[in-house]
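>>> sequence plus the predicted model coming up.
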Amino acid sequence: MPDTTSELLTAKQLAVELRVNERRVYAMANAGRIPYYGVGERKRYVATEVLKALRHEPRIAAHTTTSDALRPLNVDDTAHLRIRTAVGL
């Protein structure tokens, strides 16, 4: 049940608050990344609950894919990292 002091927001309103596209809000809700409440056939969001959920979500570097981030390093990866560090990249 939403906090009675919090306002139920539409996806468009939440997108403005989060500074993202409205489609991103729907995608995050459909993926289970943010909580929502069903009001009829529509979804409504409580900004404080969404922010709390996003704060507790693990961060992955933007340039990596999920499978890359979870893949263990192998010998070639560590050699590549040493070379990049020595060159100053």
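Looks like it arrived, so ask away.
>>> state which strand of the chain is the longest.
Scanning the chain for the strand with the most residues, using DSSP state E, yields strand 42-46.
>>> sec struct for residue 27, please.
The local conformation at residue 27, judged by DSSP: H, G, I helix; E, B strand; the rest coil, is helix.
>>> re earlier: partner strands of the longest strand of the chain, parallel or antiparallel?
Its sheet considered, strand 42-46 pairs with strand 8-9 (antiparallel), strand 37-39 (antiparallel) by DSSP bridges.
>>> show me where the protein has its helices.
For the chain, the helices defined by DSSP state H cover 11-18, 22-30, 47-55, 66-70, 75-87.
>>> what is the mean pLDDT for the longest strand of the chain?
Confidence over strand 42-46 (mean pLDDT, whole number) is 95.
>>> ok, now stretch 49-57?
90.
>>> shaky segments in this structure?
Within the chain, the segments meeting pLDDT under 70 span 1-5, 59-89.
>>> now stretch 44-59: buried residues?
44-46, 49-50 (16 or more other Cβ atoms under 10 Å). To be clear about C-beta, it is placed using only N, CA and C from the backbone, and glycine gets the same treatment.
>>> which of the residues you listed sits closest to residue 12?
Distance to residue 12, by Cβ to Cβ, is smallest for residue 45 among the buried residues of stretch 44-59, at 10.4 Å.
>>> residue 17 versus that closest one, what's the distance?
The gap separating residue 45 from residue 17 is 9 Å, by Cβ to Cβ, to the nearest Å.
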